[in-house]
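Visitor: Below are the sequence and a predicted model for it; my questions follow.
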Amino acid sequence: MLCKANGVNVADGDPFLGSDLDIRYATIGDGLPPDLDRLLYFDEHWDSISFISWWPAAIARKYNILNVSFWTEPALVFTIDYHLDVLREGGYFPIKGDEEKNVIDFIPGVQPIMTKDLMSYFHDLDVSSTTSRIVWDAFEQVKYADFILIKTLQQLEHKAVSAMNQKHPAYAIGPINFTKSLVPKSLWSNSKAPGSVLYFSFGSLAQSNKQLAEEIACGLLLSGVPFLWVIRDREDVFPDGFEDESKDQGLIVSWCNQNEVLSNPAIGGFLTHCGWNSILETIWCGVPMICYPFFADQPTNRKLVVDDWKVGINLCDGTSVYRKEVAEKIKQLMSAETSISLRDEMKKMRMLMRKALDEQGSSQANFNQFLKDLAVKAEDYP
Ligand SMILES: O=c1ccn([C@@H]2O[C@H](COP(=O)(O)OP(=O)(O)O[C@H]3O[C@H](CO)[C@@H](O)[C@H](O)[C@H]3O)[C@@H](O)[C@H]2O)c(=O)[nH]1
């Protein structure tokens, strides 16, 4: 196969490493200070990156080159967004709180989904808001792509991927950029019992607000569970005395190598904001999750993790977070007795993911097929 001949393997970090393809990467900053809370200044952040929603298609057209669009979100989210025009026509984008319209059951490849589980921008009533505009533009433009790559597993999202394929050449090639053998280096949690530590991070964008951090901090103390908390800006966020009180129970850091942490045997659970990359990394390491989604695709990702795949639980069952409930949920997840079924389901998903990334696995096969189709299509381009 083309891919194999070129030595390309989706499990080896950079999938193009070792190939004879001339692939170059560039990082594009959003122009905002690195430590700015992008959740707090969400519109400014999205405004500053809005160019990414339209320029790839425009440039591809201008220079008559192939346009490959790569999406780091579940096929479920991508498919719903791909049908924004249909949803807008039906009065679902935005959702206007109409009782009769609380389930969407007409998107090909998407099981009936409650409107509450849709991405956060569906609930933004202002269609001219930065987020709504960018999402709309991005999915108008994606229709001009020659190929769509989705960072997901075919086995997990078979229906959505197949339905997408009826409309557009789409390939489930995820997850990529994991190395197969992650060897944990020296880590505080090395001194802890297997499965005893809760890892807690809200990803690269979201920072905890004071009230939320306070409830979680107190919940952690009440639970007594050892923890590793990644928080980028901890100034003035924790309740008085928390860092002192918790110094024997937990470690607080501003950043870590998440893959290394998750693959450490001491980690028994992950309190996550449901960023898609974190979810895939967590499944790769077989760690069950406690979910607290903030915005964008995260509420929909939560549905996959908790309701569909049953490898995680919600942090809170209502709309607010209370320390007592936080403590209960943490204890429930971390106890081997109360989370048997979660752990069993997670084992199955982990196996699926590892198989998909094998040399004969679906992600590898889809990636190989993509390279073949790309080469054929490239013949039409001068
Ligand atoms: O201390 C840390 C914290 C995070 N990470 C890494 O940072 C990435 C975080 O990615 P993700 O979990 O997807 O969260 P966000 O950075 O918040 O991702 C944004 O982009 C994702 C799609 O790519 C969306 O699913 C999210 O909603 C959106 O917030 C992961 O690879 C983590 O391994 C670290 O390495 N160290």
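Guide: Sure thing, it's come through.

Visitor: where does Q141 land in three-state SS?
Guide: Under DSSP: H, G, I helix; E, B strand; the rest coil, Q141 falls in the helix class.

Visitor: wait, what's in contact with the most centrally placed residue in the chain?
Guide: The residue lying closest to the centre of the chain (C-alpha atoms, centre = their mean) is W276, at 0.6 Å. By C-beta atoms under 8 Å, 6 or more residues apart in numbering, W276 lies in contact with T72, E73, P74, V77, K151, D297, N301. Where C-beta positions appear, they are placed from N, C-alpha and C, glycine not excepted.

Visitor: So which of these reach the ligand?
Guide: Among these, the ones lying near the ligand by C-beta under 6 Å from any ligand atom are T72, E73, D297.

Visitor: Can you lay out those residues as CSV showing neighbour count and secondary structure?
Guide: Compiled in CSV, the ones next to the ligand among the contacts of W276 are given as follows (neighbours: other C-beta atoms under 10 Å; DSSP: H, G, I helix; E, B strand; the rest coil):
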residue, neighbour count, secondary structure
T72, 17, coil
E73, 20, coil
D297, 25, coil
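
Visitor: which one of the contacts of W276 is nearest the ligand?
Guide: The ligand has its nearest neighbour among the contacts of W276 in T72, at 3.4 Å by C-beta to the nearest ligand atom.

Visitor: Pick out the residue of the chain closest to the ligand.
Guide: Minimum separation of the chain from the ligand (C-beta to the nearest ligand atom) falls at G275, amounting to 2.3 Å.

Visitor: what's around the closest residue to that residue other than its chain neighbours, how many residues?
Guide: Leaving aside its sequence neighbours, G275 sits nearest to G203 (C-beta to C-beta, 6 or more residues apart in numbering; 4.1 Å). Burial measure for G203: 19 neighbouring residues, criterion other C-beta atoms under 10 Å.

Visitor: List the contacts of G203.
Guide: Contacts here follow C-beta under 8 Å, 6+ apart; on that basis G203 touches T272, H273, G275, N277, S278.

Visitor: Equivalent analysis for E245, please.
Guide: L221.

Visitor: N366 contacts Q154, correct?
Guide: Yes. Using C-beta atoms under 8 Å, N366 is in contact with Q154, at 6.5 Å.

Visitor: Please identify every residue contacting each of the two.
Guide: Counting by C-beta under 8 Å, 6+ apart, the residues touching both N366 and Q154 are A172.

Visitor: I107 looks like it's in a helix, true?
Guide: No. Under the criterion used here (three-state DSSP), I107 is coil, not part of a helix.

Visitor: quick one: the residue nearest to it when sequence neighbours are not counted from N165, how far?
Guide: Spatial nearest neighbour of I107, chain neighbours left out: H83 (5.2 Å); criterion: C-beta to C-beta, 6+ apart. In this view, H83 and N165 are 15 Å apart by C-beta to C-beta, to the nearest Å.

Visitor: Neighbour count: these two, which is higher?
Guide: H83 (22 against 14).

Visitor: tell me the phi and psi of that one?
Guide: phi -100, psi 30 (degrees, to the nearest 10).

Visitor: tell me which residues in stretch 49-62 are buried?
Guide: Using 16 or more other C-beta atoms under 10 Å as the test for burial, stretch 49-62 gives S50, S53, P56, A57, A60.

Visitor: Report whether the expected contact of D236 with K210 is present.
Guide: Yes. With contacts counted by C-beta under 8 Å, D236 reaches K210, the gap being 7.0 Å.

Visitor: With neighbour numbers in mind, choose between these two.
Guide: Regarding D236 and K210, a neighbour count based on other C-beta under 10 Å identifies K210 as having more, with 11 against 7.

Visitor: quick one: which helix or strand includes the residue nearest to G275?
Guide: For G203, there is no helix or strand it lies in under DSSP states H and E.

Visitor: swap in the one 10 residues further on?
Guide: Taking DSSP H and E as the definition, A213 sits inside helix 210-223.

Visitor: secondary structure class for the residue lying closest to N366 once chain neighbours are set aside?
Guide: Among residues not flanking N366 along the chain, Y171 sits closest, at 4.4 Å (C-beta to C-beta, 6+ apart). Judged by three-state DSSP, the three-state class of Y171 is strand.

Visitor: Could you list the contact residues of the stretch 251-382 of the chain toward the ligand?
Guide: 255-259, 275-278, 281, 296-298.

Visitor: 8 Å - rerun?
Guide: 253-259, 261-262, 272-279, 281, 294-298, 301 (C-beta under 8 Å from any ligand atom).

Visitor: Pull the number of nearby residues for the spatially closest residue to P265 that is not a sequence neighbour.
Guide: In space, and not counting its chain neighbours, P265 is closest to P194: 4.6 Å by C-beta to C-beta, 6+ apart. Counted with other C-beta under 10 Å, residues neighbouring P194 total 11.

Visitor: got the contact list for P194?
Guide: Applying C-beta under 8 Å, 6+ apart, the residues near P194 are P265, A266, G268.

Visitor: For it, grab phi and psi.
Guide: phi -50, psi 140.
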